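# Here is a sequence together with a model predicted from it:
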Amino acid sequence: PTGSADALLLAKLGEREKSDGRVIAIVTADASDARRLMEEMAFFAPDLRCALFPDWETLPYDGFSPHQDLISERLAALWRINQRDKEHGADVVIVPATTALYRLAPPSFLAGYTFEFKSGQKLDEAKLKAQLTLAGYQHVSQVVSHGEYAVRGGLIDLFPMGSQVPYRVDLFDDEIDSIRTFDPDSQRSLYPVPEVRLLPGREFPMDEDARAKFRSRWREMLEGDPTRSRVYKDMGLGIATAGIEYYLPLFFDETATVFDYLGDEATVVLHGDLEPAFQRFWQDTKDRYRLVQGDPDHPALPPETLFLTSEQFYTRSKEHAQLALRPGTEDVADSAIFQKLTDLSVVRGAEDPLAKLQKHIAASASRVLLLAESDGRRESLLDFFRASGVNPPVFDSLAEFQTDTTEKIGIATSGLMNGFAWVEEGLDFVTETELFATSPTGRRRRRQEQVSDVEALIKDLSELKVGDPIVHSDHGIGRYRGLINMDMGQKNPVGTP
């Protein structure tokens, strides 16, 4: 589909599958598409529960572990997938292609190491501390990040994996008197909650049985003297060495994949050209394996034990209902569902810079929804539109605009990267990409890096009016007085620039 119509198509598919009690998994060619779909699908279907399964963001065989926040997000996503249609489940799971190749802990691990407790129930403090330690939580003096807990008298502070906020458990003797959230910066208690769910602190177990299995399987699967390896010796002491995630198969008799969490009824969407991503990943992985495989301190497991091959991925995906969205395969020009928009770009320096947009609005039978990427940008665009005689009313959501059929044009806030014509509904989505002829990848990059450059703040000089307040990067706050041509002495002999 053209523009960001793929997000709309997948949102409608997600709503249909949700009504039938099925999950859909979207495997994207790269991580940026996964993040884009998460944001855009929320605009088209705000009630659809989407979960992004992130990557570790480490290279294969790296000697350091992923950030705790990433592990927290991954565990939370896997737990939500397992909930199916329950209150906290996920209707749509979005997975970057290379992340889908990683072998995972089996679902039984997550089920066996997740526990809950509620306000009013009996709680053995010593037993809880032992459980937290075995689950991979770290005992600290002050809780500030995921996977930490602290005990101070009758108070237990903990930051569960997969949780947005930390919790403070107040014990009265051996009974939970109250559970409240708290601010990790100020350490002040906030609001009460009825219960707490604790996911494992890591993606592998660290109890005595698991460590014994790890050492046993190490001797089976890796050559050389295990006592020469610091990883092996640390495991005997109950220490998880940095980079231990790339020894995951040693903790389990059999590993799982993301397909094992999805279940048999899930629908799989292959978004983009996955094969080049798979080939690059496997080439890089094999190159890194050749570099590290002879290290006696950190011997490496063969890549096949850690990752799926592309053939294994496609074999598993074929067991599910499938939809493939291939790049370069666009709808026909007269598609009855989605079409490209005509050129609506601002005419720089013209008396009416919005002439193309106004002509489109007057000539088209479709309604037009203008989309700004933030509330601040929306207000800036409104000033720009009003200066050209276009005064669109503000709408809080797509549903509100669809309901109010009296207005032909409106403006809303959305992260939509590319506009398109939704012919079926008679709606045209116009984003800043179309108005200012910018690259959507450039918009995405600027928003992620939050670069305060001129282009990111005003998009185009046509938005600035004489007298507008501005902030100069060197001189601070001022007012825009216009542009003048300056002779910098760089002219040709004939006087041309």
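Good, I have the coordinates. Numbering: from 1, shown residues only.

# helix or strand for Leu8, which one?
helix 5-19 (DSSP states H and E).

# Follow the chain on from that helix and name the next helix or strand.
Defined by DSSP H and E, the subsequent element after helix 5-19 is strand 24-28.

# CA-only coordinates of the helix holding Leu8 in CSV, if you can.
Output in CSV follows, covering the C-alpha atoms of helix 5-19 (Å, rounded to 0.1, in the frame of the first residue of the first chain):
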residue,chain,number,x,y,z
ALA,A,5,-1.6,3.0,4.3
ASP,A,6,0.1,-0.2,5.4
ALA,A,7,-0.5,0.8,9.1
LEU,A,8,-4.2,1.4,8.3
LEU,A,9,-4.5,-2.0,6.6
LEU,A,10,-2.8,-3.8,9.5
ALA,A,11,-4.9,-1.9,12.0
LYS,A,12,-8.1,-3.1,10.3
LEU,A,13,-6.7,-6.6,10.1
GLY,A,14,-5.8,-6.5,13.8
GLU,A,15,-9.4,-5.4,14.7
ARG,A,16,-10.8,-8.2,12.7
GLU,A,17,-8.6,-10.8,14.2
LYS,A,18,-9.2,-9.5,17.7
SER,A,19,-12.9,-9.9,17.2
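
# which helices and strands sit right next to that helix?
Packing partners of helix 5-19 (3 or more Cβ pairs under 8 Å, 6 or more residues apart in numbering; DSSP states H and E): strand 24-28, helix 31-44, strand 267-271, strand 321-325, strand 338-339, strand 420-422. Just so you know, the C-beta spots here come from the backbone N, C-alpha and C atoms, and that holds for glycine as well.

# which residues sit against it?
1, 23-24, 26, 36-37, 40-41, 43-45, 47-48, 50, 91-92, 267, 269, 271, 323, 325, 337-338, 416, 420, 422 (Cβ atoms under 8 Å, 6 or more residues apart in numbering).

# pLDDT-wise, which helix or strand of the chain ranks last?
helix 454-458 (a mean of 46; mean pLDDT, DSSP states H and E).

# Which strand runs longest in the chain?
strand 175-182 (DSSP state E).

# Go ahead and produce PDB holding the CA coordinates of that one.
The C-alpha trace of strand 175-182 is given here as PDB (Å, rounded to 0.1, in the frame of the first residue of the first chain):
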ATOM      1  CA  GLU A 175       0.600  -9.400  56.200                       C
ATOM      2  CA  ILE A 176       0.600  -6.900  53.300                       C
ATOM      3  CA  ASP A 177      -0.900  -3.800  54.700                       C
ATOM      4  CA  SER A 178      -0.700  -1.700  51.500                       C
ATOM      5  CA  ILE A 179       1.000  -1.600  48.100                       C
ATOM      6  CA  ARG A 180       1.700   1.800  46.600                       C
ATOM      7  CA  THR A 181       3.700   3.100  43.600                       C
ATOM      8  CA  PHE A 182       6.500   5.500  44.300                       C
END
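
# May I have the next helix or strand after it exported as PDB, CA atoms only?
Per DSSP H and E, the first helix or strand lying C-terminal to strand 175-182 is strand 189-192. Presented in PDB, the C-alpha positions along strand 189-192 are these (Å, rounded to 0.1, in the frame of the first residue of the first chain):
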ATOM      1  CA  SER A 189       5.000   7.200  47.700                       C
ATOM      2  CA  LEU A 190       2.200   7.900  45.100                       C
ATOM      3  CA  TYR A 191      -1.000   6.000  44.700                       C
ATOM      4  CA  PRO A 192      -2.200   2.600  46.000                       C
END
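
# Check which residues of strand 189-192 are buried.
Ser189 (16 or more other Cβ atoms under 10 Å).

# Going along the chain, name the helices of the stretch 301-450 of the chain.
Counting by DSSP state H, counting those that start in this stretch, one finds helices in the stretch 301-450 of the chain at the ranges 303-306, 310-317, 355-363, 375-387, 398-403, 432-435, 440-449.

# and the fourth one, how far from the chain's centre?
Here the centre of helix 375-387 is set off from its chain's centre by 28 Å, with Cα atoms, centre = their mean, to the nearest Å.

# Just want the angle from it to helix 355-363.
80 degrees (axes from the mean of the first three to the mean of the last three Cα atoms, to 10 degrees).

# returning to what we had before: which secondary structure elements does the longest strand of the chain sit against?
Counting contacts by 3+ Cβ pairs under 8 Å, 6+ apart, strand 175-182 packs against strand 115-118, strand 167-172, strand 189-192.
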